[in-house]
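Q: Got a sequence here, can you model it:
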Amino acid sequence: MSARVAAFFDLDGTLLSLPSLERQLFRMLRYRREIPMKNYFLWLRETLKLLPRGIGCVMHANKMYLRGVHAVEERGLENHTGSSEYKNDHPWPPRASRVEGQVSLPPNYNPRWPVPHFFENGVERVVWHAMQGHAIAIVSGTLEPLANAAARTLEAELAARGIAAGIRVFATKLEENHSRWTGRILGEAMFGKAKARTIFALAEEMSLDLSQSWAYGDSAQDRWMLAAVRNPVAANPTPKLARIARKQGWPVLRMINRLQRIREPLRHAERCA
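A: Okay, here's the model as predicted:
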């Protein structure tokens with residue numbers, strides 16, 4: 001029996017347009033005044049402790065702003081929608097729909113959640129891999145429940161096209177106490193070399209052939225994940241990753257949605273006017 005091919009996707013900036021899902025969640029929680037004022041001081045104190053390990057560690061491993069905040073869950077939407085019959089009346093995950101070239105969720109989606117807006121050709125890449133029978137995994141530094149929600153939305157998009165495929169998720173896990181986050185991470189934050197370690201472990205578990213597999217990322221922090229497979233793709237790369245991609249000979253893919261395709265020619269015409 002031959003080993004299976006896989007496709008590994010980063011999420012924010014790669015499949016999803018920025019700002020990141022976590023940043024959107026932070027803005028929502030701040031707007032709803034669900035973040036206690038003391039959490040900002042706890043976040044700053046943790047930042048000073050983590051700073052010697054680099055800014056990447058600060059950005060991905062410091063979640064103290066979430067201390068005491070009610071945990072966001074994919075299940076139990078009734079906790080925040082006011083309807084205990086939500087999952088009975090509306091199948092989960094909810095059907096994806098297209099709005100201006102993006103995959104979006106219906107308006108009755110949990111208001112505490114940021115709605116994942118996918119790049120149109122990013123979804124097409126997932127669809128293509130699913131049609132090839134490739135195993136698909138999201139490997140993201142975002143919070144696990146947010147990554148899970150994005151994966152379920154992609155699965156709904158695949159199902160709408162008649163493709164039955166599950167998407168595994170490997171993301172940053174948060175500790176909970178009585179359904180509230182403690183601000184501490186379980187295990188290690190999913191960024192940098194941790195993504196590559198996750199891919200190697202999954203390859204061992206599922207007998208994946210990494211010499212034929214694919215990976216997509218947008219940040220220099222994704223370079224170890226990209227280097228772990230035969231077919232790395234720098235998707236919407238940051239300047240640093242673009243330099244690495246040129247040096248390594250990795251292909252570059254620009255993720256774009258329909259609105260960007262319309263607006264960019266208009267901007268060019270304005271510059272030439």
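Q: Low-confidence ranges, the chain, go.
A: Along the chain, segments meeting pLDDT under 70 span 1-2, 73-113, 258-273.
Q: Tell me which stretches of it form strands.
A: Along the chain, the segments classed as strands by DSSP state E run 6-9, 97-99, 102-104, 135-143, 167-177, 180-186, 214-217, 231-235, 252-253.
Q: Could you say which one of the ones you listed comes nearest to Glu157?
A: strand 102-104 (5.3 Å; C-beta to C-beta). All C-beta spots, glycine's among them, are computed from the backbone N, C-alpha and C.
Q: Tell me how many other residues crowd Val115.
A: 19 (other C-beta atoms under 10 Å).
Q: Arg33 versus that one, what's the distance?
A: 21 Å (C-beta to C-beta, to the nearest Å).
Q: Over to His129?
A: Plainly put, His129 is 41 Å away from Arg33 if you go by C-beta to C-beta.
Q: Between those two, which is the more surrounded one?
A: Shown here are His129 and Arg33; by other C-beta under 10 Å, His129 has more neighbours (21 against 8).
Q: Contact partners for the residue lying closest to the more buried one once chain neighbours are set aside?
A: Leaving aside its chain neighbours, His129 sits nearest to Ala7 (4.0 Å; criterion: C-beta to C-beta, 6 or more residues apart in numbering). Counting by C-beta atoms under 8 Å, 6 or more residues apart in numbering, Ala7 touches Arg125, Val126, His129, His134, Ala135, Ile136, Ala137, Ser213, Trp214, Ala215, Tyr216.
Q: buried stuff in the helix ranked longest in the chain?
A: Longest helix in the chain, counting residues (DSSP state H): helix 144-160. By 16 or more other C-beta atoms under 10 Å, the buried positions in helix 144-160 come out as 144-158.
Q: how far out from the middle of the chain is that helix?
A: Distance, stretch centre to chain centre, for helix 144-160: 10 Å (C-alpha atoms, centre = their mean, to the nearest Å).
Q: Output the contacting helices and strands for it.
A: Where contact means 3 or more C-beta pairs under 8 Å, 6 or more residues apart in numbering; DSSP states H and E, helix 144-160 is packed against helix 21-31, strand 102-104, helix 120-131, strand 135-143, strand 167-177.
Q: what's the nearest residue to Thr182 once chain neighbours are set aside in contact with, if anything?
A: Nearest residue to Thr182, sequence neighbours excluded (C-beta to C-beta, 6+ apart): Glu175, at 4.5 Å. Contacts here follow C-beta under 8 Å, 6+ apart; on that basis Glu175 touches Trp181, Thr182, Gly183, Arg184, Ile185, Leu186.
Q: among the helices and strands packed on helix 144-160, which is nearest Ala3?
A: strand 135-143 (10.4 Å).
Q: Kindly tell me how buried the nearest residue to Ala150 once chain neighbours are set aside is, as a neighbour count.
A: Setting aside the residues directly before and after it, Ala150 is nearest to Pro116 in space (C-beta to C-beta, 6+ apart), at 4.5 Å. Pro116: 25 surrounding residues under other C-beta under 10 Å.
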